[in-house]
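K.L.:
Sequence first, predicted model second:
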Amino acid sequence: MRSGEVLLDVQGVTLTREGRTILYDINLSVLAGEIHALLGVNGSGKSSLAYAIMGCEDYRPDAGRILFAGRDISDLPMHERARLGLTLAWQEPARFEGLPVGDYLTLGRPTISREELWEALNAVALDPATYLPRAVDRTLSGGERKRIELAAVYAMRPRLAILDEPDSGIDVLSFSDIQQLVQRMARSGCAVLLITHRNDMAAIADRASVMNAGTIIMTGAADEARRVYTARRG
Amino acid sequence: MKAQQISGITTPRGDPAWAREYNAILQAYEQAGGPTAALRSGRVAAVVVSANRVLGVVTVPGVTINAEPLPDGVQAQIMVAPGVRLERPVHLCFGMIAETGMQRIVADYEIGAGAQVEFLAHCTFPNARDLRHIMDAVVRVGADAHLRYTEAHYHGPYGGVSVEARAGITVDAGGRYFSTFSLVHGRVGRLLIDYTADVEASGVVDLTSMVYGAGDDDIEVRETVRLNGEKARGLAKTRIAVRDRAHSRVFTTAEGNAPRTRGHMDCAEIVRGNAVAENVPTVIVRSDEAHVTHEAAIGSVNRKELETLMARGLDEDTAVDVIIRGMLGRL
C-alpha cells in the first residue's frame, strides 16, 4: 500500500527535558502506507520521539518541525494531530475506571460499526462478547490492556499509527500475531511507525531507522537497518 | 387513576390530589434514574414517600414494610425475613417536589439471617431552593445475609439542598453489605455522608460514594469501617469530582480490630478550576494479624489517561469529562 508520498516528515527535531538533551537533530520520514521500523535499545530515545511526534505535554521540541501530510503540526495540540489521522499506542497503556471497552474503541471513530468493533477485538484475539462490556481498568491484565490498546488504534483507522513496543507484555498473542496485525493495518492503508528493540520484529518493515543515544544513525531498507542494529548491539 | 396500577397500596385511592403528588414524585424519581415501570408494576416491594406523606407501600412475601408519618418526615421499618431471597430489588422512593421544606427519614432495616436482597433507593428534590433532607438509618445484616443497597440522588439544578445521610450498619458473622451512594446529576448543594459499619467474623462491608460537585457545592464524606470479627473484610471507596468553587472533604477510617481482618480505603478525587479537595484517612490496627491499607489520588486528571484520549481525537475538556464520567459510573 506504499504510495511513495511522505506522510510524516520530522525535520531537525531536538528535544531537551529536565536540562538534558534527549533527541539530537532528528530527521525521519514515513511514507504513506509503509511499515517503518524504529529500532533501538532501551533508552535510545524511541519513545521520546514518539511522544514528540504525537505532541505530548513536556515533549515539545526545542528546535525543528514536524510535518504531517505536508502540514506543519509542530504547534498543534494532540487532539488536532489525532483528527488529522495520527495516533499512538503507548507501550504501557493507561487504564480508565468505569470506561467500557466498547466505548473506548468507539472514542477514536464514533461512526464505527458493530461489525468493525468485533473485527478489531478479534484481530487481537479477544472475544468481543466478553470484552466489549468490560471496563478498561485494573481488572484487565497488562496483556489484555495492551491488546485492547492495539484494537483501539486499529479501530480508529488512522493514517499513521505509532506503535510503541507493541509486542511487550503481550501474554497470549504470539509474536507472529502482532506482526500479522501490523501488516493488516498496513494493508488497510494505515502507515505504521513500529517502535521496537527487537530485530526480528522489524523483519516485516518496508524500511527502518536505527536510533542510538538520541540520534538516528541510519535509515534504509529494513534488512540493511537490521544488520546495522545487530552489529552495533554486538 | 394511575395510582391504581399499584396493588397493595395502603394509602387512599380516588383522591386526585394524592394522584397528582404520586405522579409528580414518580416523575422526579425517573429524572433521578429510577425505573418507574418496575415501581408501577406492583410486583416489587416498594415505599413511595413525598415530604412526610407515605404515598404508597407495596409488600411481597417475606418483606414487611411499616411506614408512618412524622411531623417532618417519615419513620420506616423494613424487615426481610430470614432465608428470603428476593429476585427483584426493593424500591425506595423518597423526595419532595416543593422548593423549600424539610424531610427526615428515620429508617430501620432488618435483614434476617441468610436472606439475600437488594434495595434501590432514589432521593429526588428536583425543584429544591432551600430544602433539607435528613436520613437516619440503622441497618442490621444478619448472619450470612447479603444486602446490596444502591442510593441515587437527584437534587435539581439550583444547589438548594442540604442532605445529611447517616447510617449505622452492623454486619453479623458471614454477612455481606454492599452500598453505593451516588449524586452525579444536577447540583449537590450541601452533602454530609456519615456511615459507620461494624463487621463481625468473616463479614464483608463495601461502602462506595460517588459525587460530582460544582458551583459552591460542599461535600463531606465520613466513613468508618470497624472490622471487629476475625477475617472480616471492609472497603471504603470514594470517587469525587469537584469543579468551579466546590469543596470536598473525605474522612475515612478503617479499623482492623481482630486477627486476619483486611481493610482498604480507596479515594480518588479530581479537582478542576478553583475547587478544593481534601482527604484524611485514618488507619487503626489493634491486632498484629490485621492488615489495613490506604490509597488516594487527589488532584488533576491523570495526564496519561488524558493524553491517551486526546490521541484518539478528543479535545481536553471532552477527555476530562469522559474520565470523570467513567470514574463516577455515569457512562
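P.N.:
Cool, the structure landed.
K.L.:
Contacts only, for residue 136.
P.N.:
You didn't say which chain, so I picked chain A. Contacts of A:Val136 were listed using Cβ atoms under 8 Å, 6 or more residues apart in numbering or on different chains, and they are A:95-96, A:99-101, A:104, A:145, A:148. Quick note: C-beta positions are derived from backbone N, CA and C, even for glycine.
K.L.:
That was the other one, I meant chain B.
P.N.:
B:Asp136 neighbours (Cβ under 8 Å, 6+ apart): B:104-107, B:166-167.
K.L.:
Phi first, then psi, for it.
P.N.:
Backbone torsions for B:Asp136, taken as degrees, to the nearest 10, come to phi -110, psi 110.
K.L.:
mind checking the SS state of A:Leu28?
P.N.:
At A:Leu28 the chain is in strand, as set by DSSP: H, G, I helix; E, B strand; the rest coil.
K.L.:
Next one: it, what pLDDT does it get?
P.N.:
A:Leu28 carries a pLDDT value of 97.
K.L.:
Could you give the bridge partners of it?
P.N.:
Beta bridges link A:Leu28 to A:Val10 when assigned by DSSP bridges.
K.L.:
Equivalent analysis for B:Val47, please.
P.N.:
Residues in a beta bridge with B:Val47, per DSSP bridges, are B:Val57, B:Leu92.
K.L.:
Am I right that A:Asp167 sits in a strand?
P.N.:
No: according to three-state DSSP, A:Asp167 belongs to no strand; its state is coil.
K.L.:
what's the closest residue to it other than its chain neighbours in contact with, if anything?
P.N.:
Using Cβ to Cβ, 6 or more residues apart in numbering or on different chains and skipping the chain neighbours, the partner closest in space to A:Asp167 is A:Ile178 (4.9 Å). If a contact means Cβ under 8 Å, 6+ apart, then A:Ile178 has A:150, A:166-167, A:170, A:201 as its contacts.
K.L.:
now these in CSV, with distance to A:Val10 and neighbour count?
P.N.:
Compiled in CSV, the contacts of A:Ile178 are given as follows (distance: Cβ to Cβ, whole Å; neighbours: other Cβ atoms under 10 Å in any protein chain shown):
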residue, distance to A:Val10, neighbour count
A:Leu150, 23, 24
A:Pro166, 20, 26
A:Asp167, 24, 20
A:Ile170, 28, 20
A:Met201, 21, 22
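K.L.:
could you dump those residues to TSV with distance to A:Thr21 and pLDDT?
P.N.:
Below are those laid out as TSV (distance: Cβ to Cβ, whole Å; pLDDT from 0 to 100):
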residue	distance to A:Thr21	pLDDT
A:Leu150	32	94
A:Pro166	28	91
A:Asp167	29	84
A:Ile170	33	73
A:Met201	28	91
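K.L.:
In CSV: those residues, plus distance to B:Glu230.
P.N.:
Putting the contacts of A:Ile178 into CSV (distance: Cβ to Cβ, whole Å) gives the following:
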residue, distance to B:Glu230
A:Leu150, 46
A:Pro166, 48
A:Asp167, 47
A:Ile170, 42
A:Met201, 52
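K.L.:
out of the contacts of A:Val136, who's near chain B?
P.N.:
The residues of the contacts of A:Val136 that also fall near chain B, by Cβ under 8 Å from any Cβ of the partner chain, are A:95-96, A:99-100.
K.L.:
Buried ones among the residues you listed?
P.N.:
Applying 16 or more other Cβ atoms under 10 Å in any protein chain shown to these, the neighbour count classes A:95-96, A:99-100 as buried.
K.L.:
Strands along the stretch 51-200 of chain B, start to end?
P.N.:
Across the stretch 51-200 of chain B, reading from the start of the chain, the strands by DSSP state E, counting those that start in this stretch fall at B:53-58, B:63-70, B:73-80, B:90-95, B:100-111, B:116-124, B:130-141, B:146-154, B:161-171, B:176-185, B:190-199.
K.L.:
Let me see the ranges of the strands in chain A.
P.N.:
Ranges of strands within chain A are A:6-17, A:20-31, A:35-39, A:63-68, A:71-72, A:86-89, A:160-164, A:191-196, A:207-212, A:215-221, based on DSSP state E.
K.L.:
For B:Gly160, which of these is the nearest?
P.N.:
In terms of Cβ to Cβ, the element of these nearest to B:Gly160 is strand A:86-89, at 44.8 Å.
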